[in-house]
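# Could you work out the structure for the sequence below:
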Amino acid sequence: IDTLTMARKKFPGAPASLDALCRRFGIDNTGRDLHGALIDSELLAGVYLELSGGRQPGLVFKADGGSVMADGTKTADAGLEPRRAARQRRGTALPSRLSVAERSAHQAFLEALPRPAIWLQGEPGEVGPEEEH
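Purely as a prediction, here's the structure:
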């Protein structure tokens, strides 16, 4: 999907850079001081949503005692809040679902990568891949 082509078709003659499209659609790009792939992809996702018809009008938002649809009708509470609260309360990490063979194969793959692998360096005090679990 090429958002540049979509933008040029939808707004001929108007600027179609990522910054210009973010301004047009009111997407906050204040954290974009560098051209990072992760930041740009998140911004592009928002731009794509707007170019393809805008945000979904039927989204359900939580309200007191249930949820309210875009047309104003109320729905029963889907029970998401208790699950979110339980996830936030969890004090210990869940056990790994990887088998010993999968973990060993992954470790061998990491060791075969050229050095220095930036994601293995980590920040001071961070748990490295060998120190997990």
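
# what sits up against the lengthiest helix in the chain?
Looking across the chain with DSSP state H, the single longest helix is helix 37-51. The contact list for helix 37-51, computed with CB atoms under 8 Å, 6 or more residues apart in numbering, reads 1, 3, 6-7, 10, 18, 21-22, 24-25, 27, 29, 31-32, 55. Using the backbone N, CA and C atoms, a C-beta is placed for each residue, glycine as well.

# neighbours around residue 32, how many?
Using other CB atoms under 10 Å, residue 32 is surrounded by 15 other residues.

# Ok, residue 50 next?
19.

# Check residue 7 too.
The tally of other residues near residue 7 (other CB under 10 Å) stands at 22.

# show me where the chain has helices.
Here the chain has its helices, by DSSP H, at 3-10, 18-25, 37-51, 80-89, 100-112, 118-121.

# where are the low-confidence patches of this structure?
35, 55-90, 120, 122-133 (pLDDT under 70).

# Swap in 90 and give it another go.
When residues are selected by pLDDT under 90, those of the chain lie in 1-3, 25-42, 49-96, 110-133.

# Max pairwise distance over the contacts of helix 37-51: which two?
Farthest-apart pair in those is 10 and 31; separation 25.6 Å (CB to CB).

# Who has more neighbours out of these two?
Taking neighbours as other CB under 10 Å, residue 10 and residue 31 compare with residue 10 leading, 14 against 10.

# nearest spatial neighbour of that one, skipping sequence neighbours?
Spatially, and ignoring its direct neighbours in sequence, residue 10 is nearest to residue 51 (6.2 Å; CB to CB, 6 or more residues apart in numbering).

# CA atoms only for the longest helix of the chain - export them in PDB, please.
C-alpha atoms of helix 37-51 as PDB (Å, rounded to 0.1, in the frame of the first residue of the first chain):
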ATOM      1  CA  ALA A  37      11.200   3.400  10.900                       C
ATOM      2  CA  LEU A  38       9.100   2.600  14.000                       C
ATOM      3  CA  ILE A  39       7.900   6.200  14.400                       C
ATOM      4  CA  ASP A  40       7.300   6.700  10.700                       C
ATOM      5  CA  SER A  41       5.300   3.400  10.500                       C
ATOM      6  CA  GLU A  42       3.100   4.500  13.400                       C
ATOM      7  CA  LEU A  43       2.500   7.800  11.700                       C
ATOM      8  CA  LEU A  44       1.900   6.100   8.400                       C
ATOM      9  CA  ALA A  45      -0.700   3.900  10.000                       C
ATOM     10  CA  GLY A  46      -2.700   6.900  11.100                       C
ATOM     11  CA  VAL A  47      -2.300   8.600   7.800                       C
ATOM     12  CA  TYR A  48      -3.500   5.400   6.000                       C
ATOM     13  CA  LEU A  49      -6.600   5.200   8.200                       C
ATOM     14  CA  GLU A  50      -7.500   8.800   7.300                       C
ATOM     15  CA  LEU A  51      -6.800   8.300   3.600                       C
END
